[in-house]
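In: model this:
(chains A and B)
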2 protein chains.
Amino acid sequence: MRGRRQVLRAAVAGAVAAGATAVTAGTGTAGAAAGSGAGERGGRARRRIGILLYDRMTLLDAVGPAEVLSRLPDTSVSLIGRRRGEVRGDTGHGALVADLRTEDVDRLDVLLVPGGSGAGATAVVRHEPTMRWIRHIDARTTWTTSVCTGSLILAHAGLLRGREATTYWSAKDLLAPHGAVYVPRRWVRSGKYVTAAGVSAGIDMGLWLTAALTDDTTAQAVQLALEYDPQPPFDTGSPDKAGPELQRLALELVARSQR
Amino acid sequence: MRGRRQVLRAAVAGAVAAGATAVTAGTGTAGAAAGSGAGERGGRARRRIGILLYDRMTLLDAVGPAEVLSRLPDTSVSLIGRRRGEVRGDTGHGALVADLRTEDVDRLDVLLVPGGSGAGATAVVRHEPTMRWIRHIDARTTWTTSVCTGSLILAHAGLLRGREATTYWSAKDLLAPHGAVYVPRRWVRSGKYVTAAGVSAGIDMGLWLTAALTDDTTAQAVQLALEYDPQPPFDTGSPDKAGPELQRLALELVARSQR
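Out: The predicted model follows:
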């Protein structure tokens, strides 16, 4: 027990506390290690998680779960696009970097498909190579997951037929045409498929997934690592809490902000 | 009133519902508009918000508030780095794109400094041109803000002297040497300075800031736009709720995940 405490203390001292202290004391060793991208880490990782990026996705849909899952031990989280490089979000105000191309990735333990603008998601479902890749990867995943309107992409790929699922609140009627049954929950598990509600729900789903991939204790520690003790200043995060006027205003803000 | 409803309905039909329907029906017009980066939008925006990116920052610290703030009307949110292009996060598993260089940005209404690994934050406070830029921008901001250990960077710049502030829970002792008084709250306002606690706290702070920049109704609608109705599967998001063993495990996971 003493040995373990020492290791923990060393880890803390080595990376968090000492690093942060260095901000104050000016004794850190910035830039010591060369950057290691997700691609390089993939070979050593026990568990491979891949997040599909596409033009006009919603950045937080991808980054929320990525932030959670990238804290798991022996795990690689890869951002995967049609091409390597910049993939711009739906507002145009920010972009993520795809480190791998879909054609470079043959197998994942966990696939996550974020949501995006209507135009963004439409372009994905019309791009047959990407849809083929989603089905190919899904065939061997442990978990296939989505955030927000990402579930519409999974549904379009035929993966949610006969399953309960969720999606962005204003898109709830769009699952049924693909044989999925909409359930208004923060995240919905059906077999190996886990769909999360809109945007920020990916963080909650990511913590649930963390527990499923590891154990409750690790997931609880990851929650603390992200200091995820939510205290929003309002309580209008779901359509029924917000009411019809705020629903209309929210959709107007989304429409105006998307390119 | 009827006119306004029609506009709202058109906005909804035009972008969210119709776009999402197009995923199902295949009638969308993906790729119609050329991408418009934050830089291009800056000229037209009434309100300019800038987020400083740096090597080994924590991705969610930047993307959480960016997602919130990019939904505000007439607002540009720019990701700003020492150089344009890829800026990799602290785990190495993902990167954001800086659209502007610090030397291109002379004025912002809101500056946000995210947190990062000890090495990442240390490199920032040692890079005198970046610290000069932070002080220069701060001189004319309406709000100067931070997430997580970003407050240590603001403190190091001398901006939090004599002020109450918060930071990542394990770094709480590191504000005092710079004359700031640590307060264990989700976010802390002191004059025009608003500091948020660790990582995910930037979302809560972003909503508060949205209300300060616009009004409560708009902020409530943005909360719904992000479907931010948090339901974490555990209740271990603060150090006192988690207890000492989870604190040690959390810091170990952070240390192991950071490059």
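
In: alpha carbons only for contacts and neighbour counts from here, please
Out: Will do.

In: so how far is residue A:242 from residue A:140?
Out: 40 Å (Cα to Cα, to the nearest Å).

In: more crowded one of those two?
Out: residue A:242 (18 against 15; other Cα atoms under 10 Å in any protein chain shown).

In: the more buried one in helix, strand or coil?
Out: helix (DSSP: H, G, I helix; E, B strand; the rest coil).

In: surely it and residue A:236 touch.
Out: Yes. Using Cα atoms under 8 Å, residue A:242 is in contact with residue A:236, at 4.5 Å.

In: against residue A:169, how distant is the closest residue to residue A:216 other than its chain neighbours?
Out: Nearest in space to residue A:216, with sequence neighbours left out and distances taken as Cα to Cα, 6 or more residues apart in numbering or on different chains, is residue A:210 at 8.0 Å. To residue A:169, residue A:210 is 24 Å away according to Cα to Cα.

In: then residue A:234?
Out: Taking Cα to Cα, one finds residue A:234 at 18 Å from residue A:169.

In: quick one: residue A:160 and residue A:176 touch, right?
Out: No. Between residue A:160 and residue A:176 there is no contact under Cα under 8 Å: 9.8 Å.

In: neighbour count winner among those two?
Out: Counted by other Cα under 10 Å, residue A:160 and residue A:176 do not tie: residue A:160 has more neighbours, with 24 against 18.

In: between residue A:242 and residue A:236, which contacts overlap?
Out: Residues touching both residue A:242 and residue A:236 (Cα atoms under 8 Å, 6 or more residues apart in numbering or on different chains): B:220, B:221, B:224.

In: how about low-confidence regions in chain A?
Out: Counting by pLDDT under 70, chain A contains low-confidence ranges at A:1-45.

In: just want the most central residue of it.
Out: residue A:65 (3.3 Å; Cα atoms, centre = their mean).

In: phi and psi next, for it.
Out: phi -60, psi -30 (degrees, to the nearest 10).

In: and it, how far from residue B:181?
Out: Residue A:65 is 32 Å from residue B:181, by Cα to Cα.

In: same deal with residue A:172?
Out: For residue A:172 relative to residue B:181 (Cα to Cα), the value is 46 Å.

In: from residue A:110, how far out is residue A:144?
Out: Where residue A:110 is concerned, residue A:144 sits at a distance of 6 Å (Cα to Cα).

In: from residue A:208, how far off is residue A:143?
Out: 12 Å.

In: ok, residue A:170 next?
Out: 24 Å.

In: mind checking which of those two has more residues around it?
Out: Higher neighbour count among residue A:170 and residue A:208: residue A:208, with 21 against 17, using other Cα under 10 Å.

In: that one - nearest residue in space that isn't next to it in sequence?
Out: Residue A:208's closest residue in space is residue B:233 (Cα to Cα, 6+ apart), at 6.2 Å.

In: for residue A:172, helix, strand, or coil?
Out: Secondary structure of residue A:172, per three-state DSSP, is helix.

In: in this structure it contacts residue A:166, no?
Out: Yes. Using Cα under 8 Å, residue A:172 and residue A:166 qualify as a contacting pair, with a distance of 7.2 Å.

In: any common contacting residues for the two?
Out: In contact with both residue A:172 and residue A:166: residue A:182, using Cα under 8 Å, 6+ apart.

In: show me the helices in chain A, by range?
Out: Under the criterion DSSP state H, chain A contains helices at A:2-11, A:18-25, A:38-42, A:59-69, A:118-126, A:128-138, A:150-156, A:201-213, A:216-225, A:239-257.

In: redo these as a markdown table? Include distance to residue B:228.
Out: A markdown table is the format used below for the helices of chain A (distance: least, Cα to Cα, whole Å):
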| stretch | distance to residue B:228 |
| --- | --- |
| helix A:2-11 | 33 |
| helix A:18-25 | 30 |
| helix A:38-42 | 29 |
| helix A:59-69 | 11 |
| helix A:118-126 | 20 |
| helix A:128-138 | 28 |
| helix A:150-156 | 17 |
| helix A:201-213 | 7 |
| helix A:216-225 | 17 |
| helix A:239-257 | 10 |
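
In: out of these, which is closest to residue B:57?
Out: helix A:59-69 (11.6 Å; Cα to Cα).

In: which helices and strands does the closest one pack with?
Out: strand A:75-81, helix A:201-213, helix B:59-69 (3 or more Cα pairs under 8 Å, 6 or more residues apart in numbering or on different chains; DSSP states H and E).

In: now with 6 Å, please.
Out: In terms of contacts (3 or more Cα pairs under 6 Å, 6 or more residues apart in numbering or on different chains; DSSP states H and E), helix A:59-69 is packed against helix A:201-213.

In: what comes up buried for the helix it packs on?
Out: Buried residues in helix A:201-213, counted by 16 or more other Cα atoms under 10 Å in any protein chain shown: A:201, A:202, A:203, A:204, A:205, A:206, A:207, A:208, A:209, A:210, A:211, A:213.

In: you'd agree the third one is up against residue A:67?
Out: No. Applying Cα atoms under 6 Å as the test, residue A:203 and residue A:67 come out as separate, 8.3 Å apart.

In: tally up the residues packed near residue A:233, please.
Out: Count around residue A:233 with other Cα under 10 Å applied: 17.

In: one more: residue A:52?
Out: 24.

In: and for the one 3 residues further on?
Out: Close neighbours of residue A:55, defined as other Cα under 10 Å, add up to 25.

In: and for residue A:179?
Out: 17.

In: what's the separation between it and residue A:154?
Out: From residue A:179 over to residue A:154 (counting by Cα to Cα), the distance is 11 Å.

In: check residue A:163 too.
Out: For residue A:163, the distance to residue A:154 - Cα to Cα - is 11 Å.

In: between these two, who's got more neighbours?
Out: Taking neighbours as other Cα under 10 Å, residue A:163 and residue A:154 compare with residue A:154 leading, 26 against 20.

In: against residue A:49, how distant is that one?
Out: 17 Å.

In: likewise for residue A:245?
Out: 39 Å.

In: the two: which is more packed in?
Out: residue A:49 (24 against 12).

In: isn't that one up against residue A:112?
Out: No. Residue A:49 is beyond contact range of residue A:112, at 7.7 Å (criterion: Cα under 6 Å).

In: and the stretch 151-259 of chain A, which residues reach chain B?
Out: Where the stretch 151-259 of chain A comes near chain B, counting by Cα under 6 Å from any Cα of the partner chain, the residues are A:198-200, A:204, A:220-229, A:232, A:236-238, A:246, A:249-253, A:255, A:257.

In: what do you get if the cut-off is 7 Å, keeping everything else the same?
Out: Within the stretch 151-259 of chain A, the residues that sit near chain B (Cα under 7 Å from any Cα of the partner chain) are A:170-171, A:174, A:198-201, A:204, A:207-208, A:220-234, A:236-239, A:246-255, A:257.

In: now those: which count as buried?
Out: Looks like these have A:170-171, A:174, A:198-201, A:204, A:207-208, A:220-230, A:232-234, A:236-239, A:246-255, A:257 buried, using 16+ other Cα under 10 Å.

In: partner residues bridging the spatially closest residue to residue A:59 that is not a sequence neighbour?
Out: Nearest non-adjacent residue to residue A:59, counting by Cα to Cα, 6+ apart: residue A:89, 5.6 Å away. Residue A:89 has these beta-bridge partners by DSSP bridges: residue A:57.

In: which residues touch residue A:89?
Out: A:55, A:56, A:57, A:58, A:59, A:95 (Cα atoms under 7 Å, 6 or more residues apart in numbering or on different chains).

In: ok, residue A:87 touching residue A:99?
Out: No. Between residue A:87 and residue A:99 there is no contact, the gap being 10.4 Å when judged by Cα atoms under 7 Å.

In: and the two? which has more neighbours close in?
Out: Neighbour count, other Cα under 10 Å: between residue A:87 and residue A:99, residue A:87 has more, with 25 against 21.
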